[in-house]
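Peer 1: here you go, sequence then predicted model.
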Amino acid sequence: MAGFRTKAIHVGQEPEEVTGAVAVPVFQTSTYAQKELGAEVQFDYARTINPTRLALERNLAALENGEFGYCFASGMSAIVAALSLVKTGDHVIAAGDMYGGSYRYFARVLSEYNIEFSYVDMRDIANIDHAVRPNTKMIYSETPTNPMMNLTDLGELASFAKKHKLISVVDNTFMSPYFQNPLDHGIDIVVHSATKYIGGHSDLIGGCLVTNRSDIAERVKFYQNSAGAVPGPWDCWLLLRSVKTLAIRMEAHSANAQGIAEFLSTHPKVKAVFYPGLPSHPQHDIANKQMRGFGGMIAFETGSLSNAKRFAAALRLFTLGESLGGVESLVCHPVSMTHGSVPIERRHELGITDGLVRLSCGIEDYEDLLADVKNALEAM
Ligand SMILES: Cc1ncc(COP(=O)(O)O)c(C=O)c1O
């Protein structure tokens with residue numbers, strides 16, 4: 001099997017048949033001419049199938065070492081597609097400190113349809129074990145979690161799910177397929193917000209779902225066509241263009257983040273640093289076991305809301321903004337931004353304090369990012 005960079009550049013992207021175009025064309029069409037009434041056609045309607053989207057789906061499936069890939073209009077719609085596999089009366093065990101938007105969808109939308117959720121700390125599989133009920137159907141995890149950078153042991157999670165005949169889902173957004181492949185550990189479904197590292201340039205919203213299970217693939221494909229939250233061909237084209245540089249971008253994100261995390265961890269004004277690449281991270285051994293790199297995301301504790309405000313205001317290169325994974329560095333205050341929809345008691349339980357700051361380290365020059373962070377800490 002080819003290496004990651006080769007797959008990123010070639011899978012699904014053979015030269016186009018009619019003209020030989022090396023870059024997959026943008027098939028900007030809603031429908032396709034059919035030769036005669038009743039003839040079997042591969043391409044009938046663009047919600048169902050589009051050649052630019054198909055190229056991306058094949059490519060992302062290959063990058064996640066999966067057989068079946070489906071693209072969606074956002075990360076959330078990929079997550080919604082995964083959750084379409086459960087129904088009224090079912091129970092789902094979900095990660096306690098996942099992305100706030102996923103929590104909002106589970107707690108405020110699906111709960112209204114009588115789908116039950118238990119939110120557990122997935123650092124310890126025993127917590128999942130205690131939460132299992134007769135009607136449990138799915139385990140939904142995120143590793144590392146957003147924003148606390150907690151890890152779930154993927155191999156342990158997969159064997160637990162298999163033993164109890166539960167569908168296992170992992171949101172792999174923070175690592176991207178370059179640093180972590182949950183399916184290799186036996187996980188059933190991997191989802192991504194392609195808006196983040198896969199897209200990498202902060203210029204689109206997208207999502208994908210990859211699986212090796214043909215029974216799941218069949219249901220997701222049916223759901224994708226029925227619900228219709230598909231990405232347009234331009235966004236698919238941009239994503240195809242982006243994945244070609246995913247490997248080199250991830251190396252740069254990770255190198256910058258490692259250096260900044262190490263610097264933060266020695267700074268007297270910083271109370272705690274959450275980054276799996278630090279030997280002081282309590283799950284550093286799990287990180288080494290299942291991740292090939294530690295990514296570009298860091299969370300750290302400034303101690304108070306006013307410190308967090310002063311730090312964010314003093315930064316010059318890190319832009320205050322939601323999202324992550326782009327080439328440009330971003331700073332985010334989870335309490336008031338990404339995790340605003342998580343109830344305050346839950347946030348306290350999870351350690352998402354008023355003083356917590358999250359950095360998405362971009363691929364700018366390391367010395368410039370470090371100087372920016374140093375300077376902002378002085379202003380704090
Ligand atoms: C880990 C994670 N999963 C899913 C999502 C949702 O993705 P999207 O915004 O593309 O719908 C996000 C968005 O921030 C995220 O951080």
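Peer 2: Done, it's in. Numbering: from 1, shown residues only.
Peer 1: name the residues of stretch 259-270 that come out as buried.
Peer 2: Judged by neighbour count (16 or more other C-beta atoms under 10 Å), stretch 259-270 contains these buried residues: 259-261, 263-265, 270. (C-beta placed from N, C-alpha, C; glycine too.)
Peer 1: in a markdown table: these, plus distance to residue 357, secondary structure and pLDDT.
Peer 2: Output for the buried residues of stretch 259-270, formatted as a markdown table (distance: C-beta to C-beta, whole Å; DSSP: H, G, I helix; E, B strand; the rest coil; pLDDT from 0 to 100):
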| residue | distance to residue 357 | secondary structure | pLDDT |
| --- | --- | --- | --- |
| 259 | 17 | helix | 98 |
| 260 | 12 | helix | 98 |
| 261 | 13 | helix | 98 |
| 263 | 14 | helix | 98 |
| 264 | 10 | helix | 98 |
| 265 | 14 | helix | 98 |
| 270 | 10 | coil | 98 |
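Peer 1: for the nearest residue in space to residue 250 that is not next to it in sequence, which three-state class applies?
Peer 2: Counting by C-beta to C-beta, 6 or more residues apart in numbering, residue 178 is the residue found nearest to residue 250 once chain neighbours are left out, at 4.3 Å. Secondary structure for residue 178, judged by DSSP: H, G, I helix; E, B strand; the rest coil, is helix.
Peer 1: please apply the same query to residue 52.
Peer 2: Classification of residue 52 by three-state DSSP places it in helix.
Peer 1: and it, how far from residue 195?
Peer 2: 18 Å (C-beta to C-beta, to the nearest Å).
Peer 1: just the helices from the stretch 201-350 of the chain, written as ranges.
Peer 2: For the stretch 201-350 of the chain, the helices defined by DSSP state H, counting those that start in this stretch cover 214-227, 233-243, 246-266, 284-290, 305-314, 344-350.
Peer 1: for residue 373, see how far away residue 229 is.
Peer 2: Applying C-beta to C-beta to residue 229 and residue 373 gives a distance of 38 Å.
Peer 1: which of those two has more residues huddled nearby?
Peer 2: A count of neighbours by other C-beta atoms under 10 Å puts residue 373 above the other of residue 229 and residue 373, at 27 against 17.
Peer 1: these two touch, right, residue 207 and residue 193?
Peer 2: Yes - between residue 207 and residue 193 there is a contact under C-beta atoms under 8 Å: 5.7 Å.
Peer 1: which residues touch the residue nearest to residue 250?
Peer 2: Contacts for residue 178 (C-beta atoms under 8 Å, 6 or more residues apart in numbering) come out as 4, 63, 197, 246-247, 250, 292-293.
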